[in-house]
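>>> what shape does this take:
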Amino acid sequence: MSVDLYVAIPMVNWPTAAAVQQCLTTRAFPVQIKHFPALDRHSIKGDGILASIDGKDAYLEGSLAPASAMPSEIKNINQRLTKATFKERIRPSDALLTIRVGSPIETRAASYIISALIVCFDGFGFEPQGNSHGRDEFAQTLLQGADMLKGM
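From the prediction side, this is the model:
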């Protein structure tokens with residue numbers, strides 16, 4: 001079973017791999033970034049994240065795009081957010097990172113990375129299958145889940 005995780009970040013805040021690693025390190029998150037996608041402000045990139053956690057590599061399958069490059073998808077996501085009574089919306093000026101995870105190691109790595117993107121780069125995260133979302137509180141929920149998966 002796979003789970004999709006999303007994080008929307010203002011495009012002006014989209015970080016470099018080094019900035020994400022600095023955020024992870026500052027917070028003592030046990031993840032090392034090996035590859036992190038650069039934002040192309042005009043097109044969708046089917047480029048995931050390669051990270052190392054607990055001495056193991058985890059490839060986080062995903063895509064990155066400016067919201068303005070995929071208006072119908074963003075409209076659908078915003079409708080789902082509205083239906084779930086979430087107050088946040090993805091704006092055309094946001095970048096949207098989608099990550100699909102299928103294993104505990106991928107879930108742990110994604111949880112730390114998405115938490116870092118939320119906390120350090122003004123992100124809004126959500127997981128549509130579980131109808132969970134938010135900013136700092138969502139990041140905390142992801143971190144708690146990552147801790148519970150350690151060693152699995």
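
>>> distance check, the nearest residue to residue 82 once chain neighbours are set aside against residue 8.
In this structure, residue 82 finds its nearest non-sequential neighbour in residue 89, 7.8 Å apart by CB to CB, 6 or more residues apart in numbering. No exception for glycine: its C-beta is placed from N, CA and C like everyone else's. Computed as CB to CB, to the nearest Å, the residue 89 to residue 8 distance reads 9 Å.

>>> these two: who's more crowded?
Between residue 89 and residue 8, counted using other CB atoms under 10 Å, the more crowded position is residue 8 (25 against 15).

>>> who does that one bridge with?
Bridge pairing for residue 8 (DSSP bridges) gives the partners residue 96, residue 124.

>>> ok, now which ones touch it?
67, 88, 90, 91, 94, 95, 96, 97, 123, 124, 125 (CB atoms under 8 Å, 6 or more residues apart in numbering).

>>> now the residues you listed as a markdown table including neighbour count and distance to residue 30?
Formatted as a markdown table, the contacts of residue 8 follow (neighbours: other CB atoms under 10 Å; distance: CB to CB, whole Å):
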| residue | neighbour count | distance to residue 30 |
| --- | --- | --- |
| 67 | 21 | 31 |
| 88 | 14 | 28 |
| 90 | 20 | 29 |
| 91 | 14 | 32 |
| 94 | 24 | 28 |
| 95 | 26 | 25 |
| 96 | 22 | 26 |
| 97 | 28 | 20 |
| 123 | 25 | 20 |
| 124 | 23 | 24 |
| 125 | 27 | 19 |
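
>>> kind regards, and thank you for your time.
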